[in-house]
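Engineer: predicted model and sequence below, questions to follow.
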Number of protein chains: 2
Amino acid sequence: MDLGRFLAVARGDEPADLVLKGGRVINVFTGEIAEADVALAGGLIAGIGEGYAGHQEVHIGERYICPGLIDAHVHIESSMVTPFQFARAVVPRGTTTVVCDPHEIANVVGTAGIRYMLEASEGLPLTVYVNLPSCVPATPMGTAGAELTVEDLVPLADHPRVLGLAEMMNLPGLVLGVPEVVAKVEAFRDRVIDGHAPGFSGKWLQAYAGAGPGSDHECTTPEEMRERLRLGMRVFLREATGAKNLRDLLPALTPVNTRRCALCTDDRHPADLLDEGHIDHLIRLAVAEGLDPVTAIQLATLNAAEAFGLRDRGAIAPGRRADLVVFSDLQDFHAEMVFSAGRLVAQAGEPVGTWVEPTADDSAVRSTIRVAWDRVRLDVPAPDPAAVTARVRVIGIVPDQILTEHLVEEVPVREGMVVADPQRDLLKVAVIERHRGTGNVGLGFVHGIGLKRGALAGSVGHDAHNLVVAGCDDESMLTAARAVAHLDGGLVAAAGGEVLAQVPLPIAGLMSDQPLERVRHEMDRLVEAAHALGSPLHDPFMVLGFLALEVIPALRLTDQGLVDVEAFDFVPLFVE
Amino acid sequence: MDLGRFLAVARGDEPADLVLKGGRVINVFTGEIAEADVALAGGLIAGIGEGYAGHQEVHIGERYICPGLIDAHVHIESSMVTPFQFARAVVPRGTTTVVCDPHEIANVVGTAGIRYMLEASEGLPLTVYVNLPSCVPATPMGTAGAELTVEDLVPLADHPRVLGLAEMMNLPGLVLGVPEVVAKVEAFRDRVIDGHAPGFSGKWLQAYAGAGPGSDHECTTPEEMRERLRLGMRVFLREATGAKNLRDLLPALTPVNTRRCALCTDDRHPADLLDEGHIDHLIRLAVAEGLDPVTAIQLATLNAAEAFGLRDRGAIAPGRRADLVVFSDLQDFHAEMVFSAGRLVAQAGEPVGTWVEPTADDSAVRSTIRVAWDRVRLDVPAPDPAAVTARVRVIGIVPDQILTEHLVEEVPVREGMVVADPQRDLLKVAVIERHRGTGNVGLGFVHGIGLKRGALAGSVGHDAHNLVVAGCDDESMLTAARAVAHLDGGLVAAAGGEVLAQVPLPIAGLMSDQPLERVRHEMDRLVEAAHALGSPLHDPFMVLGFLALEVIPALRLTDQGLVDVEAFDFVPLFVE
């Protein structure tokens, strides 16, 4: 910033770059709404009030102006597009800042993935702050593409857009004082440390909060939220594609505690981003539920800025970044104009002006699928080759939840091998290690995907992001899995030897390099193909993507085998 | 902190150092008051709730526990005692953290004074944070003992107790972009910068706020306060010895803006600290005026902590410093027990336990009075030696205000010299340069001190802290001034050749090394002596101390001469 010019404009001695005239300015400090001009200079807000002239003037009329929206916690990878394409999608909806956790790409390519996300978000109209992934890999029970130690993380901490440490998911590890976990928290003691404490309470939660993590975005009930607020944790109210918590938590907000709360999306898939929106959707939802609109905007602006010590944004005030949203209806927030650092970057829901895609070195994040196909076998010998059936553990899908059930079912034995039984919705599932070519294949069964024929496969498989394949027969499964590898990552539906639909995700096997609309279109086709194969699920690939997540109860499958999450250990497939 | 032990105590696996049992815990995050035990370990709060055992347990009974109080802006020098003695006085009243601005001592000895204040406050039960004085000297029109450039300040910024830059008083300099002023603000851009903007509003205030200063403690009206809050400035509501603004400002507090407000004392003299109190006095005052007691405590704790980014204190929550106050009556806050970092340090209004006085190198802050007495002349030749009177400018004291009037009066001429006329309350006043032995003496007249005979002198003379003497005759004035020098600084009342009473202030001429009670006693005697000499003023030495403050209208006297503050220039003594 040229302070001399800023001061001259603020004093009224020089014309501003741009003056937004006559709007109703939302003051998140005082809760007031006042008609005032807003003068912008050098990307900053230089003055608010009467008597500012500008080289350019825009008449806002009767419309409202609020600060640009902030997402307090998001995994951009879940949008399945690059930061550039993500920004093209969310900035027109009013979001000008996100705090992202590149946890997914870090599980694939480690620090190279974090560096890629930083480079690929440089200079965008969306400020992408990064909290460094604290828990890569999630556990030692799956094979991820990288392991991040405190020594790996610390050199990244000096980047101007790195704020601190992202969601510390290893609550038991921290509370019990596991040295590697403690070391990470100690290294980021003076920075922001985000928490992740689903279901915890009482003394363990106090120990956790006291050791460093200062926020939680995993609350699902008002009582959980109140407990965290009492402990001084900030609460980020989440409305993701999977976990939709905002409505449930709103009753816990009070005039006193609101300052400690913000909004986040965590994971939102392409269709939700396009059909519902981003943080703007959360504002609409909260207001529809009865929250005061200015309070909702505070949650999405000043409160998030304060949570991360971002004193340069989150409010319409002199000296702050001119990240601004113009909209018409307090009761139904829809961004009509979006300014980033004083520049009009979106209008009527579409990007406008010049958007330069950052040049990021993506060599490390492409061609990440390394599978030793010669060692990949999907057949599962039965304990008794002569038996007609065998008793196996089965991952039971729970509709609309990430939690699974730990089932035991009889599956058929054919030619000495246990096989899927699509008529009873018992599919075979394989997790194929794809980072290091180990040839690891975890094999099991799943109930609830509903395919009658064919197979679904993907390289999105939280958190290790190995290949996950579920299907009715081995040929279809191999076709789907090999097609994913052929794409350098992606999602595929196949039957027999034929690929029916596919979404290429060549960046780390997680993200497309295409616009969100295109990915959404491809996803729609893919899900149609899955439906044609018999799956009734709204989004069978989301279910597939969580089958390998060995930290969420009850039964999961990694490339190393079946995991009983509650026992935190491997269990055999067969039950005697 | 030993995180392992902290975690063990927090989990409940090891006994705490101390458990405060059964108190009513004030939660400044949620506004709730809940009966709970508070477990302390390693100086931190380890847990809140049931089931904690401790090596030591204290039954709080029905009493309340709140976080230690924080003074958001204070000049410790105004207490006229060292940081150690200041802490002995304020900690028993519940204050455990202050953000001080060593502006006064810096005007006398520069960075050596700042370093002394840091050393002299090391390891106290009171955490003394320092904001670096931004405006030394106040103007070039008085001779201070030091000049602090940005190059002087930056090396101090790394001290763990230095937070940022203290009150930026040169508002015009910053708003107009004066390079030396801008350089200081730029150097502290990423730190806290406190503001000081009395009476300013509109575009200049916006330019100022936008350029860096993020707070103001100079509001006197609700409207001023509201304007600053709208601009994103934090407001510290002040109740000093001189400027009492708290009551006037309380009506501007709202549930929405309270988070942006805190409390400060700025300057409180010994008698006020002892008779009224410190931040506890402000809480009582606010509650008596109708403010919710928990809100008042929020202002004095969490809000101040947030203003300075102090995430380790300001609340009773796991992991925060165990700075705690136990008290009985929400409506009449009086600290009964005070804990600092988990240690009981005061009880029933008195320090308890071991208080170790820090060993500070005070060589640079003692023996600071350097006057070229051979060149000091107090007689003032009249323009017309034969005339009976002469017309002179007179500084008019305004009761209970720091502002002065710019008067013109006739004073007698005796033997060719203009002299005081005590019958009409026209005293002679001299400001004698005392830092560098320049021999500078500024001479003038003052109305409103009321001495009938004798003189008052002191080495406290804001902001340059030269010797200020007012009296009825030159002999008394010289006696008083020389006595101050003989004390290496202090306050003196004299008549003729006799010193009637004195308060030694050997540290930079500003502070005693004695306990506050003793200084207060000496001050009482001194003021009695001034009263005996005819002054009706409640505190004539406070009036004397501001006579030289060339930044507050209307007429002032520095060692270089009479200053018309509104014209920001020197003016002659005599008027034709």
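Structural biologist: Received, thanks.
Engineer: list the contacts of A:Leu40.
Structural biologist: A:16-20, A:46, A:54, A:322, A:339, A:342 (Cβ atoms under 8 Å, 6 or more residues apart in numbering or on different chains). Any C-beta I mention is one placed from the backbone N, CA and C, and that applies to glycine too.
Engineer: and which of these is nearest B:Pro172?
Structural biologist: A:Ala46 (18.1 Å; Cβ to Cβ).
Engineer: mind giving me the packing neighbours of the host helix or strand of the closest one?
Structural biologist: Assigned by DSSP states H and E, A:Ala46 belongs to strand A:44-49. Strand A:44-49 sits against helix A:3-11, strand A:16-26, strand A:33-41, helix B:202-211, with contacts defined as 3 or more Cβ pairs under 8 Å, 6 or more residues apart in numbering or on different chains; DSSP states H and E.
Engineer: export the ones you listed as TSV, with columns for distance to A:Ala207.
Structural biologist: Formatted as TSV, those follow (distance: least, Cβ to Cβ, whole Å):
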stretch	distance to A:Ala207
helix A:3-11	46
strand A:16-26	39
strand A:33-41	43
helix B:202-211	41
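Engineer: out of the contacts of A:Leu40, who's nearest chain B?
Structural biologist: Chain B lies nearest to A:Ala46 out of the contacts of A:Leu40, by Cβ to the nearest Cβ, at 6.5 Å.
Engineer: now the host helix or strand of A:Ile283: how far from the chain's centre is it?
Structural biologist: A:Ile283 belongs to helix A:279-288 when assigned by DSSP H and E. How far helix A:279-288 lies from its chain's middle: 18 Å, per Cα atoms, centre = their mean, to the nearest Å.
Engineer: out of the helices and strands packed on strand A:44-49, which is closest to A:Thr295?
Structural biologist: Using Cβ to Cβ, these put strand A:16-26 closest to A:Thr295, at 10.8 Å.
Engineer: partners of that closest one in the sheet?
Structural biologist: strand A:33-41 (antiparallel), strand A:54-59 (parallel), strand A:64-67 (parallel) (DSSP bridges).
Engineer: may I have the last one exported as PDB, CA atoms only?
Structural biologist: If I follow you right, that is strand A:64-67. Provided in PDB are the C-alpha atoms of strand A:64-67 (Å, rounded to 0.1, in the frame of the first residue of the first chain):
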ATOM      1  CA  TYR A  64     -26.600  -3.100   0.900                       C
ATOM      2  CA  ILE A  65     -22.900  -3.400   1.100                       C
ATOM      3  CA  CYS A  66     -21.200  -5.900   3.400                       C
ATOM      4  CA  PRO A  67     -17.700  -7.200   3.800                       C
END
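Engineer: thinking again about what came up before, could you dump the strands paired with strand A:16-26 to CSV with mean pLDDT?
Structural biologist: CSV is the format used below for these (pLDDT from 0 to 100):
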stretch, mean pLDDT
strand A:33-41, 97
strand A:54-59, 97
strand A:64-67, 98
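Engineer: so which of the ones you listed is the most packed in?
Structural biologist: strand A:64-67 (a mean of 26; mean count of other Cβ atoms under 10 Å in any protein chain shown).
Engineer: so what touches that strand?
Structural biologist: A:20, A:23-26, A:28, A:33, A:38, A:297, A:301-302, A:313-316, A:320, A:323-328, A:330.
Engineer: now list the buried members of the residues you listed.
Structural biologist: Using 16 or more other Cβ atoms under 10 Å in any protein chain shown as the burial test, the contacts of strand A:64-67 include A:20, A:23-26, A:28, A:33, A:38, A:297, A:301-302, A:313-316, A:320, A:323-327, A:330 as buried.
Engineer: enumerate every residue touching the closest residue to A:Lys244 other than its chain neighbours.
Structural biologist: Sequence neighbours aside, A:Arg238 is the residue nearest to A:Lys244 in space, at 8.0 Å (criterion: Cβ to Cβ, 6 or more residues apart in numbering or on different chains). By Cβ under 8 Å, 6+ apart, the contact set of A:Arg238 is A:73, A:217-219, A:244-246, A:263-266.
Engineer: taking the residues you listed one by one, which sit in strands?
Structural biologist: A:73, A:263-264 (DSSP state E).
Engineer: any chance of those in a markdown table, plus pLDDT and distance to chain B?
Structural biologist: A markdown table is the format used below for those (pLDDT from 0 to 100; distance: Cβ to the nearest Cβ, whole Å):
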| residue | pLDDT | distance to chain B |
| --- | --- | --- |
| A:His73 | 98 | 18 |
| A:Leu263 | 98 | 18 |
| A:Cys264 | 98 | 19 |
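Engineer: quick one: the residues you listed as a markdown table, columns for neighbour count too.
Structural biologist: Compiled in a markdown table, these are given as follows (neighbours: other Cβ atoms under 10 Å in any protein chain shown):
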| residue | neighbour count |
| --- | --- |
| A:His73 | 28 |
| A:Leu263 | 29 |
| A:Cys264 | 27 |
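Engineer: what is the nearest of those residues to B:Ile279?
Structural biologist: Nearest member of those to B:Ile279, counting by Cβ to Cβ, is A:Leu263, at 34.6 Å.
Engineer: give me the beta-bridge partners of that closest one?
Structural biologist: Beta-bridge partners, per DSSP bridges, of A:Leu263: A:Leu237.
Engineer: in contact with it, which residues?
Structural biologist: A:70-72, A:236-239, A:246, A:279, A:282-283, A:286, A:299-300, A:304.
Engineer: what of A:Ala387?
Structural biologist: A:Val413.
Engineer: buried residues, the biggest helix by length in chain A. List them.
Structural biologist: For chain A, the longest helix by residue count, based on DSSP state H, is helix A:516-532. Buried positions in helix A:516-532, judged by neighbour count with 16+ other Cβ under 10 Å: A:516, A:519-523, A:526-527, A:529-531.
Engineer: turn those residues into JSON lines, including pLDDT and distance to B:His465.
Structural biologist: Converted to JSON lines, the buried residues of helix A:516-532 look like this (pLDDT from 0 to 100; distance: Cβ to Cβ, whole Å):
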{"residue": "A:Leu516", "pLDDT": "97", "distance to B:His465": "65"}
{"residue": "A:Val519", "pLDDT": "98", "distance to B:His465": "69"}
{"residue": "A:Arg520", "pLDDT": "97", "distance to B:His465": "71"}
{"residue": "A:His521", "pLDDT": "97", "distance to B:His465": "75"}
{"residue": "A:Glu522", "pLDDT": "98", "distance to B:His465": "75"}
{"residue": "A:Met523", "pLDDT": "97", "distance to B:His465": "73"}
{"residue": "A:Leu526", "pLDDT": "98", "distance to B:His465": "78"}
{"residue": "A:Val527", "pLDDT": "97", "distance to B:His465": "78"}
{"residue": "A:Ala529", "pLDDT": "98", "distance to B:His465": "83"}
{"residue": "A:Ala530", "pLDDT": "98", "distance to B:His465": "81"}
{"residue": "A:His531", "pLDDT": "98", "distance to B:His465": "83"}
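Engineer: with those residues in mind, which one is nearest to chain B?
Structural biologist: Using Cβ to the nearest Cβ, those come closest to chain B at A:Leu516, 34.1 Å.
Engineer: got any ranges where the stretch 351-500 of chain A has weak pLDDT?
Structural biologist: In the predicted model, the stretch 351-500 of chain A carries no residue with pLDDT under 70.
Engineer: what ranges do the helices span in it?
Structural biologist: Ranges of helices within the stretch 351-500 of chain A are A:474-486, based on DSSP state H, counting those that start in this stretch.
Engineer: any idea how far apart the tips of stretch A:391-403 sit?
Structural biologist: 22 Å (Cα to Cα, to the nearest Å).
Engineer: beta-bridge partners for the residue nearest to A:Gly142 when sequence neighbours are not counted, please?
Structural biologist: Closest residue to A:Gly142 apart from its sequence neighbours, by Cβ to Cβ, 6+ apart: A:Thr558 at 3.5 Å. Beta-bridge pairing of A:Thr558 under DSSP bridges involves A:Gly561.
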